[in-house]
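In: Sequence and predicted structure, then a few things I'm wondering about:
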Amino acid sequence: MHSNSMLLVVEDDPNDVLLLSRALRKAALSNPVQFVNDGEAAIAYLAGQGEYKDRERYPLPALVLLDLKVPRKSGLEVLAWLRLQPGLKRLPVIVLTSSKEPSDVSRAYEMGANAYLVKPAVSEALVDIVRAINLFWLRLAERPDLQAR
């Protein structure tokens, strides 16, 4: 287990938050998870600003699960901001959204998403997705040093 293995989830739909929370539990994900429900909160969290400035309570995540359709700043705007930040541009971001639009998929990858997943209609399939994310991104994949310049 890496020293920092927190998961930041950017999702505004309360129903999807509930489904995802349940899937995280069923997949036996031991990592701490922080939910934010709009793009501005995601940026504040990642920048360590405002209510998120205490890095003990709000550590930098190991991975971001990002919905594209969130209020106040879209997921793509969050991704664009993130990839311009020297200390954060290497942070792995998985887009988890309901859009299958080829243009959304292409834009997300162009802007630096590490993966693009479509939210499944069946909650059991979401458990499988969470298990796969946990195994690959949180256990197997080497993580970048976010502090290195």
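Out: That came through, no problem. Numbering: from 1, shown residues only.

In: Got the phi and psi for the spatially closest residue to V33 that is not a sequence neighbour?
Out: Among residues not flanking V33 along the chain, L7 sits closest, at 4.7 Å (CB to CB, 6 or more residues apart in numbering). (C-beta placed from N, C-alpha, C; glycine too.) Note on L7: its backbone torsions stand at phi -110, psi 130 [degrees, to the nearest 10].

In: what sits against S5?
Out: Going by CB atoms under 8 Å, 6 or more residues apart in numbering, S5 touches 31-32, 62, 138.

In: Make a markdown table from these and add secondary structure, distance to V122 and neighbour count to it.
Out: Converted to a markdown table, these look like this (DSSP: H, G, I helix; E, B strand; the rest coil; distance: CB to CB, whole Å; neighbours: other CB atoms under 10 Å):
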| residue | secondary structure | distance to V122 | neighbour count |
| --- | --- | --- | --- |
| N31 | coil | 23 | 17 |
| P32 | coil | 26 | 13 |
| A62 | coil | 27 | 22 |
| L138 | helix | 23 | 20 |
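
In: what about this structure, any weak spots by pLDDT?
Out: The chain contains residues with pLDDT under 70 at 1-4, 148-149.

In: switch to 80 and redo it
Out: Counting by pLDDT under 80, the chain contains low-confidence ranges at 1-4, 146-149.

In: And the helices in it, which stretches?
Out: Assigned by DSSP state H, the helices in the chain fall at 14-26, 39-47, 75-82, 102-110, 123-133.

In: what's the angle from the longest one to helix 123-133?
Out: When you say that, I think you mean helix 14-26. 60 degrees (axes from the mean of the first three to the mean of the last three CA atoms, to 10 degrees).

In: List the buried residues in helix 14-26.
Out: 16, 19-20, 23-24 (16 or more other CB atoms under 10 Å).

In: Who are the packing partners of that helix?
Out: Contacts defined by 3 or more CB pairs under 8 Å, 6 or more residues apart in numbering; DSSP states H and E place helix 14-26 against strand 7-10, strand 33-36, helix 123-133.

In: Send over the longest one as PDB, restricted to the C-alpha atoms.
Out: Provided in PDB are the C-alpha atoms of helix 123-133 (Å, rounded to 0.1, in the frame of the first residue of the first chain):
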ATOM      1  CA  SER A 123     -24.800  -1.600  -9.800                       C
ATOM      2  CA  GLU A 124     -22.900  -5.000  -9.800                       C
ATOM      3  CA  ALA A 125     -21.000  -3.800 -12.900                       C
ATOM      4  CA  LEU A 126     -20.000  -0.700 -10.900                       C
ATOM      5  CA  VAL A 127     -18.500  -3.000  -8.200                       C
ATOM      6  CA  ASP A 128     -16.500  -4.700 -10.900                       C
ATOM      7  CA  ILE A 129     -15.200  -1.300 -12.100                       C
ATOM      8  CA  VAL A 130     -14.200  -0.200  -8.600                       C
ATOM      9  CA  ARG A 131     -12.400  -3.600  -8.100                       C
ATOM     10  CA  ALA A 132     -10.500  -3.100 -11.300                       C
ATOM     11  CA  ILE A 133      -9.600   0.500 -10.500                       C
END
